[in-house]
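[1] Here is a sequence with its predicted model. Questions after.
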Amino acid sequence: MYRVATGAIPYLHPATDYPTRDARITMAAVATYWSLSEGVFNKVSNVIGYNNCETCASGNNYIAPATSCNTLACRAAVCPAKQRQCTWQVGIGAPQVVNAGYSTNIDYVCTSKLAPSLSYARPLSNLPCVQETALKAYGYKLSISQILSNVAKAAGVSASNVLAKTTNCKLSDAECAKRGSTDTYLANCQCQLDRKAWLLRDPAVSITYSAYEWFADRGVGYGTTSALPNIAALKAIYQCLSPP
């Protein structure tokens with residue numbers, strides 16, 4: 001939780017999307033509740049490297065941080081009845097890498113309102129928007145390659161290997177963005193998917209997308225009433241741990 005307090009909360013776009021410290025702490029508390037529910041803190045010693053590649057036969061499948069999750073192959077092998085790719089979750093917030101975030105337009109608008117009553121801008125989960133969220137978190141002072149390197153090191157993985165795996169792609173980002181079908185994208189753009197996965201391991205990016213997955217699934221009221229006391233307790237902890 002200290003990683004969230006010091007490595008995520010201060011970087012949640014305070015000047016724009018999260019204008020107050022309380023708003024940033026609320027986002028972190030909701031995401032942490034989801035992460036705890038998913039058992040992230042109990043499954044791995046380094047939560048930045050959390051890497052869960054579902055298999056339909058056995059459910060959760062915790063793999064090494066540097067290992068790619070071939071969600072299309074997984075579906076073809078063991079998930080035909082579900083008619084979807086397997087779930088891939090990463091990082092301290094455990095957001096899903098494969099989501100309804102594929103755009104046919106590389107210039108896809110990267111924010112949308114989740115609901116009129118929610119003042120936060122919701123980032124869409126396609127690759128250009130994940131990259132924009134990462135760049136914005138650090139005030140555009142770090143490049144994507146620098147962010148990828150920092151995350152790799154934090155996860156205990158060779159930064160050079162991660163960069164080679166996520167930036168030397170056979171298709172350009174623009175070409176991949178034009179592939180509207182999820183299956184077509186997954187079949188040809190694993191390099192871009194790996195880059196998205198590593199960016200989603202950055203604490204600030206991971207917390208952002210995790211919180212909004214929660215809001216999207218359960219509404220702006222933070223979901224079930226049973227979750228509210230726990231989220232309130234997490235907020236109190238982050239009020240103490242996070243920088244003013």
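    On my side now, so go ahead.
[2] Could you tell me how far stretch 135-153 lies from the centre of the chain?
    14 Å (Cα atoms, centre = their mean, to the nearest Å).
[3] what does it contact?
    11-13, 16, 48, 131, 134, 158-159, 161-163, 166-167, 195, 198-199, 201-202, 204-205, 208 (Cβ atoms under 8 Å, 6 or more residues apart in numbering). Where C-beta positions appear, they are placed from N, C-alpha and C, glycine not excepted.
[4] What subset of those residues is buried?
    11-13, 48, 131, 134, 159, 162-163, 166, 195, 198-199, 201-202, 204-205, 208 (16 or more other Cβ atoms under 10 Å).
[5] Which ones among these lie within helices?
    Applying DSSP state H to the buried ones among the contacts of stretch 135-153, the entries found in helices are 131, 134, 159, 162-163, 166, 195, 198-199, 204-205, 208.
[6] Hmm, which of those is lowest in pLDDT?
    Minimum pLDDT for these is recorded at residue 208 (85).
[7] doesn't residue 133 make contact with that one?
    Yes: between residue 208 and residue 133 a contact is recorded at 5.9 Å, counting by Cβ atoms under 8 Å.
[8] what's the distance between residue 92 and residue 173?
    Per Cβ to Cβ, to the nearest Å, residue 92 is found 26 Å from residue 173.
[9] Kindly list the single helix or strand of the protein that scores lowest on mean pLDDT.
    Lowest mean confidence among the helices and strands of the chain (mean pLDDT, DSSP states H and E): strand 111-113, at a mean of 48.
[10] these two touch, right, residue 38 and residue 89?
    Yes: with contact defined as Cβ under 8 Å, residue 38 counts as touching residue 89 (6.9 Å).
[11] shared neighbours of the two, anything?
    residue 52.
[12] who's more crowded, those two?
    For residue 38 and residue 89, the more surrounded residue by other Cβ atoms under 10 Å is residue 89, and the numbers stand at 26 against 17.
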